[in-house]
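Enquirer: Sharing a model that was predicted from the sequence below.
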Amino acid sequence: AFFFSFRRPSRVFPHPNSSTMFKQFSSRRSDMDGEEIDLYSNARERQAYDDQANLYAIIMATEHLERAYARDDITQIEYSTECNKLISQFRLAEKAALKNMTTETFMQLYQMDCPRATERLLKMGVPEPIKGASGVDAGQVAIIVAETVQHFITTMDAVKLEQRAVDELQPLLSDLMDSLSRHPETPSDFEPNKKVKKWLQKLNVMRAVEQIDEDDARQLYLDLDSAYAEFTRYLKRK
């Protein structure tokens, strides 16, 4: 069996996988007369079921993680690390598993009651922001600033180089949003955060294989450019 666990307290959270938790994708099913029917007839069809099982596992793991964090069973750092990993895995799994349906349809089809995972994976796309964190010294702040600047430049360059696919832009915006959220002293209504979050939420409701059009691309670049300018002005005021 697979598990992910956290050090505080000594609890273990099940990490479902295709062999243990995803009963819907067993290799055989029974029809109305009790006769077993193969779900797949070749390696490609079997891989499709495995991909969907992996997506199911990631969604369930995210739901468990969000519940653990809400109960204060794990630290902020543990939560942020695991959540970033699951969000990244989710985007890859979603692209591989869902060809003719949305993630919402997939979750309805397999009766997945995961409201916290839905909010985190499909709407927010980044971990819960950590504000007012104690023990963040000047050196750590400098590292966060450098990472944020790099993420701004990388994302703007991607748009300039005509990357338009959701699965190309969403991870870049997610990394940028995460680094912005880790600044310990920015106000809750910080304009760069609002602009990046708006675009991240827009891409999160699109399928990985979709693309933004040229009008959206121009607006995205303009918003990133103004957000970057505001971020640098904020740093100078500090």
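Expert: Great, that's in hand.
Enquirer: Could you give the backbone dihedrals for Gln211?
Expert: phi -130, psi 150 (degrees, to the nearest 10).
Enquirer: Also Arg207?
Expert: phi -80, psi 150.
Enquirer: check contacts around it.
Expert: Taking CB atoms under 8 Å, 6 or more residues apart in numbering, we find Arg207 in contact with Glu94, Leu98, Thr102, Val166. For glycine as for every other residue, the C-beta is placed from the backbone atoms N, C-alpha and C.
Enquirer: one more time with 7 Å, if that's ok
Expert: If you count contacts by CB atoms under 7 Å, 6 or more residues apart in numbering, Arg207 has them with Thr102, Val166.
Enquirer: so how far is Glu66 from it?
Expert: 23 Å (CB to CB, to the nearest Å).
Enquirer: So for stretch 74-91, what gets flagged as buried?
Expert: Ile74, Glu78, Tyr79, Ser80, Glu82, Cys83, Leu86, Ile87, Gln89, Phe90, Arg91 (16 or more other CB atoms under 10 Å).
Enquirer: Settle this for me: the third one is touching Arg71, isn't it.
Expert: No. Between Tyr79 and Arg71 there is no contact under CB atoms under 7 Å: 11.2 Å.
Enquirer: Which elements pack onto whichever helix or strand Val141 is part of?
Expert: Assessed by DSSP states H and E, Val141 sits inside helix 138-160. Secondary-structure packing of helix 138-160 (3 or more CB pairs under 7 Å, 6 or more residues apart in numbering; DSSP states H and E): helix 166-181, helix 214-237.
Enquirer: Tell me which of the ones you listed sits nearest to Gln47.
Expert: Comparison of the helices and strands packed on helix 138-160 against Gln47 by CB to CB identifies helix 166-181 as nearest, at 19.0 Å.
Enquirer: Next, the buried residues of that closest one.
Expert: Buried, per 16+ other CB under 10 Å, within helix 166-181: 166-181.
Enquirer: Taking helix 138-160 as reference, get the angle to that helix.
Expert: 150 degrees (axes from the mean of the first three to the mean of the last three CA atoms, to 10 degrees).
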